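Peer 1: Requesting a structural model of the entry that follows:
(one chain, ligands or ions: 1)
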Amino acid sequence: MNTAISPEQAAVAYAGYEDLCLYIDGEFLKGGGRREQDVFDPATGKAFARLPHATRADLDRALNAAQRAFQTWRHSSPLERSRILRKVAELSRERAKDIGRNITLDMGKPVAEAVGEVVSCSEHCEWHAEECRRIYGRVIPPRLPNVRQMVLREPIGVCAAFTPWNFPYNQAIRKIAAAIGAGCTIVIKGPEDAPSAVVAIARMFHEAGLPPGVLNLVWGVPGEVSEYLIKSPIVRKVSFTGSVPVGKQLAAMAGGHMKRVTMELGGHSPVIVFDDAEIDRACDLLVGFKFRNAGQVCVSPTRFYIQEKAFDRFVARFIEKTREVKVGSGLQADVRMGPLAHDRRLPAMAQFIDDARARGGKVEIGGERLGEIGNFFAPTVLTQVPDDSLVMTSEPFGPIAPCVPFKTVDEVLARANALPYGLSSYAFTTSTKNALAVQNGIESGMVNINHFGQALAETPFGGIKDSGIGSEGGTETFDGYLNTKFVTQMD
Ligand code: NAD
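Peer 2: Now for the predicted structure:
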């Protein structure tokens with residue numbers, strides 16, 4: 001199969017790519033003898049851009065700028081914050097096509113998905129623009145008539161944020177909009193594997209009139225930058241989206257300095273399809289959702305529990321629909337699944353497949369790399385995998401769908417809850433009894449029944465157990481960026 005676009009097409013796309021840089025104290029910076037790293041196109045394996053790393057002096061400058069800017073930004077009018085966030089929403093709609101194409105070059109997802117990510121994030125900006133005008137405190141009835149008791153909610157201070165490559169625009173804008181909307185300032189390190197979207201975000205805030213120092217963008221060796229920022233006494237809050245092991249490491253570091261954290265970590269989302277579900281509809285929705293972004297989605301459905309009577313029908317249709325998923329360069333209009341974001345994900349996929357096979361699992365379709373250029377991996381369906389296999393216990397973060405049968409609701413809930421993860425979950429059923437059992441019994445931060453309805457601007461997004469701490473979006477979005485101050489006053 002031909003997964004790549006022509007070298008000529010690639011060259012045209014590279015020519016329109018973002019001018020990568022740092023953004024510190026209102027200035028876009030690059031060159032100056034700074035170390036640089038290559039940015040690779042996962043569809044071709046070619047290095048096509050260079051990303052400058054922040055020096056220690058850059059990090060100090062970003063921290064000091066954020067600290068200085070906080071002194072005024074904390075007192076800024078919510079109307080002013082709202083105006084800037086709205087302006088960024090407007091600019092991002094205008095620029096979505098270019099930003100989206102660059103995201104595809106960076107990490108491979110089909111360009112329609114990438115553009116959709118940018119457009120939908122305009123709503124996140126607008127939501128924060130609206131909600132930041134409603135960050136209310138409260139008055140508590142006093143025990144004495146001459147006492148006034150109040151609860152104030154104040155911005156926490158300088159935030160350090162670390163965002164991943166799978167939704168490079170979405171993950172960054174959520175953290176930036178929440179911090180800025182709350183009156184905090186922020187130093188963000190975006191994903192070095194997929195940097196263009198965060199540079200584009202910095203440009204839009206700059207053009208929208210955000211004062212220098214409120215938003216600062218740095219790049220570097222992730223572990224070195226995060227340690228330096230988290231340990232800095234200037235930083236009061238840490239927000240990370242990424243894998244569970246790194247999240248635990250960063251949360252422990254933040255805990256050592258008693259800093260607040262928001263952690264959006266990995267998941268291993270169970271799907272429970274009951275016999276009474278609309279099987280064909282469930283199957284078609286799930287194939288679409290499973291292979292979106294090549295399965296590199298923290299809330300991707302990853303363990304498919306199908307009730308016994310529906311199992312054969314579900315799996316047969318799932319395989320048939322999986323066969324129709326067209327894999328190729330995300331720049332091609334009819335492609336539904338692009339390459340994996342980087343080459344280290346190919347051996348990771350092979351490990352899941354090898355382990356499944358060794359434990360008696362059956363590869364129904366896929367299970368292998370496609371072609372030799374780029375990081376393409378076939379959409380894969382597995383059956384007969386035991387619950388203790390690697391793919392059923394570790395987050396695959398790739399296009400692999402293991403399907404297993406179950407008998408009863410209690411049994412499936414116990415199996416679904418057996419892992420330390422608790423991000424998202426899915427159930428398909430026409431029975432209100434089953435739906436209620438899942439809502440009440442499943443251990444996850446988000447539960448989707450008969451559709452996928454999460455990750456909207458107005459709904460909270462977050463996990464429990466090892467999958468994280470705190471929520472982004474919804475009315476909860478500012479909670480992690482505000483201190484609670486109690487004031488009591490007597491005449
Ligand atoms: P990884 O754990 O090396 O990195 C994940 C992300 O964290 C990357 O963006 C990376 O730059 C960043 N990171 C790594 N070490 C860091 C550190 N010490 N300080 C700050 N940032 C750091 O894994 P990977 O190979 O890039 O991605 C695969 C795994 O990452 C997946 O298995 C998945 O669990 C997880 N992941 C999760 C999400 C999510 O949305 N929750 C997003 C991307 C990756």
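
Peer 1: does the ligand sit close to stretch 289-306?
Peer 2: Yes: between stretch 289-306 and the ligand, judged by Cβ under 6 Å from any ligand atom, the touching residues are residue 298. The C-beta positions use only the backbone N, C-alpha and C, and glycine is treated the same way.

Peer 1: tell me how far that stretch is from the chain's mean position?
Peer 2: Between the mean C-alpha location of stretch 289-306 and the chain-wide mean there is a distance of 14 Å, by Cα atoms, centre = their mean, to the nearest Å.

Peer 1: Which residue, other than its chain neighbours, is closest to residue 380?
Peer 2: Spatial nearest neighbour of residue 380, chain neighbours left out: residue 366 (3.3 Å); criterion: Cβ to Cβ, 6 or more residues apart in numbering.

Peer 1: for that neighbour, what are its contacts?
Peer 2: If you count contacts by Cβ atoms under 8 Å, 6 or more residues apart in numbering, residue 366 has them with 322, 377-381, 399-400.

Peer 1: what number of residues lie near residue 435?
Peer 2: Counted by other Cβ atoms under 10 Å, the residues lying close to residue 435 total 17.

Peer 1: Which strands or helices does the helix or strand containing it pack on?
Peer 2: Using DSSP states H and E, the element containing residue 435 is helix 432-441. With contacts defined as 3 or more Cβ pairs under 8 Å, 6 or more residues apart in numbering; DSSP states H and E, the packing partners of helix 432-441 are helix 409-416, strand 424-428, strand 446-449.

Peer 1: Can I get the longest one in CSV, CA atoms only?
Peer 2: The one in question is helix 409-416. Coordinates of each C-alpha in helix 409-416 appear next as CSV, following Å, rounded to 0.1, in the frame of the first residue of the first chain:
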residue,chain,number,x,y,z
VAL,A,409,-22.7,-6.9,34.8
ASP,A,410,-21.0,-7.6,38.2
GLU,A,411,-18.3,-9.6,36.5
VAL,A,412,-17.5,-7.0,33.9
LEU,A,413,-17.4,-4.2,36.3
ALA,A,414,-15.0,-6.1,38.5
ARG,A,415,-12.8,-6.7,35.5
ALA,A,416,-13.1,-3.1,34.2
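
Peer 1: near the ligand, which residues of this protein?
Peer 2: Applying the criterion Cβ under 6 Å from any ligand atom, the portion of the chain that neighbours the ligand consists of 162, 164-166, 191, 222-223, 226, 241-243, 246, 250, 264-266, 298, 344, 395, 397.

Peer 1: ok so, going back, can you give the distance of the helix holding residue 435 from its chain's centre?
Peer 2: The answer for helix 432-441 is 27 Å, by Cα atoms, centre = their mean.

Peer 1: repeat for stretch 263-280
Peer 2: Distance of stretch 263-280 from the chain centroid (Cα atoms, centre = their mean) equals 18 Å.

Peer 1: What average pLDDT does it get?
Peer 2: Averaged across stretch 263-280, pLDDT comes to 98.

Peer 1: and it, how far apart are its ends?
Peer 2: With Cα to Cα, to the nearest Å as the measure, stretch 263-280 spans 36 Å from end to end.

Peer 1: ok, now stretch 31-40?
Peer 2: Its first and final residues considered, stretch 31-40 spans 19 Å by Cα to Cα.

Peer 1: again with stretch 181-191
Peer 2: Stretch 181-191 has an end-to-end distance of 23 Å (Cα to Cα).

Peer 1: ok, back up a step: distance of the residue nearest to residue 380 relative to the ligand?
Peer 2: Here residue 366 is placed at a distance of 19 Å from the ligand (Cβ to the nearest ligand atom, to the nearest Å).

Peer 1: got it, and residue 377?
Peer 2: Noted for residue 377: a distance of 14 Å to the ligand, by Cβ to the nearest ligand atom.

Peer 1: Now that residue: closest residue in space, sequence neighbours ignored.
Peer 2: Of all residues beyond its chain neighbours, the one nearest residue 377 is residue 349 (5.1 Å), with distances taken as Cβ to Cβ, 6+ apart.

Peer 1: shouldn't the one you found be in contact with residue 394?
Peer 2: No: no contact is recorded between residue 349 and residue 394 when judged using Cβ atoms under 8 Å, the distance being 11.9 Å.

Peer 1: Who has more neighbours out of these two?
Peer 2: More neighbours surround residue 349 than the other of residue 349 and residue 394, with 26 against 18 (other Cβ under 10 Å).

Peer 1: Is it correct that that one falls within a strand?
Peer 2: No: if the criterion is DSSP: H, G, I helix; E, B strand; the rest coil, then residue 349 is helix and not within a strand.

Peer 1: Pull up the overlap in contacts between residue 349 and residue 394.
Peer 2: By Cβ under 8 Å, 6+ apart, residue 349 and residue 394 have no common neighbours.

Peer 1: from the stretch 301-450 of the chain, which residue is nearest to the ligand?
Peer 2: The ligand sits closest to residue 397 of the stretch 301-450 of the chain, with a gap of 3.8 Å, by Cβ to the nearest ligand atom.

Peer 1: for the closest residue to that residue other than its chain neighbours, what are its contacts?
Peer 2: Using Cβ to Cβ, 6+ apart and skipping residues adjacent in sequence, the residue nearest residue 397 is residue 296, 5.4 Å away. The contact partners of residue 296, taken as Cβ under 8 Å, 6+ apart, are 166, 340-341, 345, 397-398.

Peer 1: surely residue 426 meets residue 271?
Peer 2: Yes: contact status for residue 426 versus residue 271: in contact at 4.4 Å, counting by Cβ under 8 Å.

Peer 1: which neighbours do the two share?
Peer 2: The contact lists of residue 426 and residue 271 share 286, 301, where a contact means Cβ under 8 Å, 6+ apart.

Peer 1: More neighbours: those two, which one.
Peer 2: Ranked by neighbour count (other Cβ under 10 Å), residue 426 and residue 271 place residue 426 first, with 29 against 24.

Peer 1: and the more buried one, what does it touch?
Peer 2: Under the criterion of Cβ under 8 Å, 6+ apart, the neighbours of residue 426 are 269-272, 286, 301, 447-449, 452.

Peer 1: State which helix of this protein is the longest.
Peer 2: Identified as the longest helix of the chain according to DSSP state H is helix 78-107.

Peer 1: Enumerate the positions of that one that are buried.
Peer 2: Across helix 78-107, burial judged by 16 or more other Cβ atoms under 10 Å covers 78, 81-82, 84-89, 91-92, 96, 98-107.

Peer 1: would you list every one of the strands in the stretch 201-350 of the chain?
Peer 2: In chain order, the stretch 201-350 of the chain shows strands spanning 215-218, 235-241, 260-264, 269-273, 301-307, with DSSP state E, counting those that start in this stretch as the criterion.

Peer 1: Columns distance to residue 183 on top of these, output as CSV?
Peer 2: Shown next, in CSV, are the strands of the stretch 201-350 of the chain (distance: least, Cβ to Cβ, whole Å):
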stretch, distance to residue 183
strand 215-218, 13
strand 235-241, 12
strand 260-264, 15
strand 269-273, 34
strand 301-307, 38
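
Peer 1: tell me the most buried of these?
Peer 2: Across the strands of the stretch 201-350 of the chain, averaging neighbours per residue (mean count of other Cβ atoms under 10 Å) puts strand 215-218 on top, at a mean of 28.

Peer 1: residues making contact with that one?
Peer 2: Residues contacting strand 215-218 (Cβ under 8 Å, 6+ apart): 22-25, 54, 58-59, 62, 65-66, 176, 180, 185-190, 198-199, 201-202, 205, 225.
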